[in-house]
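*Asks:* Got a predicted structure here, sequence first:
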Amino acid sequence: MRAVVLVGGFGTRLRPLTYSVPKPMLPVGHVPIIERLIDNLARGGVTDVTLALGFRPEPFMAAFPEGTCAGARLTYAVEPEPLDTGGAIRFAAQYSGIDSTFVVANGDVLTDLDIAALVEFHRSRHAEATLHLTPVEDPSAFGVVDSDERGLVRRFIEKPPAGTAPSNLINAGTYVFEPSVIDRIPGGRKVSIEREIFPLLAADHTLWAVPTDDYWIDTGQPDLYLKANLDIITRRRAERSWAHGIADGAVIGAGVALSDTVVANGASIDAGADISDSVLLAGSHVGAGAHVRHSVVMGRVGARAMVSNCVIGADVVIADGARHADERIPDPSA
Ligand code: GTP
């Protein structure tokens with residue numbers, strides 16, 4: 001089974017982290033998001049993955065020099081310009097010569113979904129396309145799906161105004177497609193699969209959907225990226241995904257207090273620092289006696305600094321004794 005994984009977005013909501021690392025290459029529980037995602041695809045029978053790349057392909061090629069990831073063979077389809085989700089799927093599928101039923105996944109979604117079961121459902125319904133759905137409390141920021149009891153999609157509504165959504169089941173970013181879906185995507189321009197193609201398929205009664213309550217998280221925002229990491233070390237996911245918070249190569253000084261925190265290889269913490277609910281990425285440093293709460297750190301936090309609810313990019317130096325709360329540093333909107 002072949003798959004197209006979309007990894008060519010700009011990752012603007014995860015800035016400043018994505019200034020230095022493309023979103024799917026950011027680690028969750030010490031392993032890049034893309035590797036965890038492909039591992040789950042491979043468990044479900046995917047053997048070949050085409051990465052739909054646009055923005056900055058080099059870090060992916062450097063990370064997987066053998067051309068394999070989690071046991072799957074990789075093909076790199078690099079768009080000449082960003083084509084949006086639908087255009088990217090068309091480009092990647094044509095580039096790699098896909099001509100039979102295939103899987104598509106958004107490169108920032110982590111889930112324990114059983115891919116083989118999704119494919120089986122797709123085949124049992126003779127669907128043209130099948131979407132994985134997940135329940136959320138507020139569906140207004142997502143693609144909302146209204147389907148009948150057999151799973152035939154009646155309506156697909158991308159980001160409905162608050163209070164108007166017909167269900168709380170949303171597009172969870174993993175699909176099974178027949179090759180005919182590619183023919184429906186216009187060439188030579190940006191096409192959103194969610195806004196243009198899914199409504200078209202729903203109108204033709206060829207779009208199906210399956211809700212599951214498997215673990216599911218969209219890692220595309222800082223608080224959710226943080227949560228995805230903490231879920232792995234606090235064992236809220238399937239056992240195969242569990243990881244220890246502290247990597248073997250992390251350097252940790254005397255008397256450091258750590259609770260629910262991921263410390264990467266190549267991160268260092270000086271004596272007496274107190275860190276909770278946080279992710280310290282490779283190259284980060286926390287100085288002596290500093291306090292870090294609910295933050296993601298790529299840069300350096302000075303001694304005795306107090307940092308809470310912050311995202312600190314690479315090359316940033318927080319001064320000794322400084323206080324920062326609820327900030328992104330540097331501020332991506334500045
Ligand atoms: P934001 O900028 O924070 O919205 O993130 P994003 O750029 O990743 O966009 P979004 O999360 O909406 O995209 C969903 C998926 O499609 C992600 O896996 C993106 O990498 C991918 N994606 C979005 N636009 C493109 C594109 O033009 N080309 C390719 N190849 N992938 C894309």
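*Replies:* Looks like it arrived, so ask away.

*Asks:* From now on I want contacts and neighbour counts done on CA atoms only, so please keep to that.
*Replies:* OK.

*Asks:* low pLDDT regions in this protein?
*Replies:* Under the criterion pLDDT under 70, the flagged ranges of the chain are 55.

*Asks:* State which strand of it is the longest.
*Replies:* Among the elements of type strand in the chain, defined by DSSP state E, the one spanning the most residues is strand 169-177.

*Asks:* The one helix or strand T134 maps to relative to strand 169-177, how many degrees between them?
*Replies:* Element membership of T134 [criterion: DSSP states H and E] is strand 129-135. Using axes from the mean of the first three to the mean of the last three CA atoms, to 10 degrees, the direction of strand 129-135 lies 150 degrees away from that of strand 169-177.

*Asks:* is the longest strand of the chain anywhere near the ligand?
*Replies:* No - Strand 169-177 is not in contact with the ligand by CA under 6 Å from any ligand atom; minimum separation 7.9 Å.

*Asks:* what sits up against the helix or strand following that strand?
*Replies:* Remark: after strand 169-177, the chain's next helix or strand is helix 180-184, criterion DSSP H and E. Taking contacts as CA atoms under 8 Å, 6 or more residues apart in numbering, the residues outside helix 180-184 that touch it are I89, R90, A93, E128, A129, I197.

*Asks:* Around the ligand, which positions in the stretch 201-334 of the chain sit nearby?
*Replies:* Of all the residues in the stretch 201-334 of the chain, those lying near the ligand are G220, going by CA under 6 Å from any ligand atom.

*Asks:* Helices of the stretch 201-334 of the chain, start to end?
*Replies:* Applying DSSP state H, counting those that start in this stretch to the stretch 201-334 of the chain gives helices spanning 222-233.

*Asks:* Can you report how many residues neighbour the residue lying closest to H122 once chain neighbours are set aside?
*Replies:* Computed as CA to CA, 6 or more residues apart in numbering, the closest residue to H122 that is not its neighbour in sequence is T130, at 5.7 Å. One way to gauge burial is a neighbour count; for T130, by other CA atoms under 10 Å, it gives 28.

*Asks:* give me every residue that touches T130.
*Replies:* In this structure, T130 makes contact with L118, H122, Y175, V176, F177, L207, W208, A209, V210, judged by CA under 8 Å, 6+ apart.

*Asks:* surely the fifth one meets R123?
*Replies:* No - using CA atoms under 8 Å, F177 is not in contact with R123; the gap is 10.2 Å.

*Asks:* need the contact list for D274.
*Replies:* When contacts are counted by CA under 8 Å, 6+ apart, D274 is found next to V256, A257, L258, G289, A290, H291, V292.

*Asks:* Could you verify my assumption that N40 touches A105?
*Replies:* No - no contact is recorded between N40 and A105 when judged using CA under 8 Å, the distance being 10.8 Å.

*Asks:* mind putting the contacts of D274 in TSV, neighbour count included?
*Replies:* As requested, those are exported to TSV (neighbours: other CA atoms under 10 Å):
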residue	neighbour count
V256	17
A257	15
L258	18
G289	23
A290	25
H291	23
V292	28
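
*Asks:* Which one of those residues is nearest to the ligand?
*Replies:* Of all the contacts of D274, the one sitting nearest the ligand is V292; the distance, using CA to the nearest ligand atom, is 24.7 Å.

*Asks:* what pairs with that closest one across the strands?
*Replies:* According to DSSP bridges, the residues that bridge with V292 are I275, V307.

*Asks:* quick one: it from G245, how far?
*Replies:* 15 Å (CA to CA, to the nearest Å).

*Asks:* Equivalent analysis for I193, please.
*Replies:* With distances taken as CA to CA, I193 is found 37 Å from G245.
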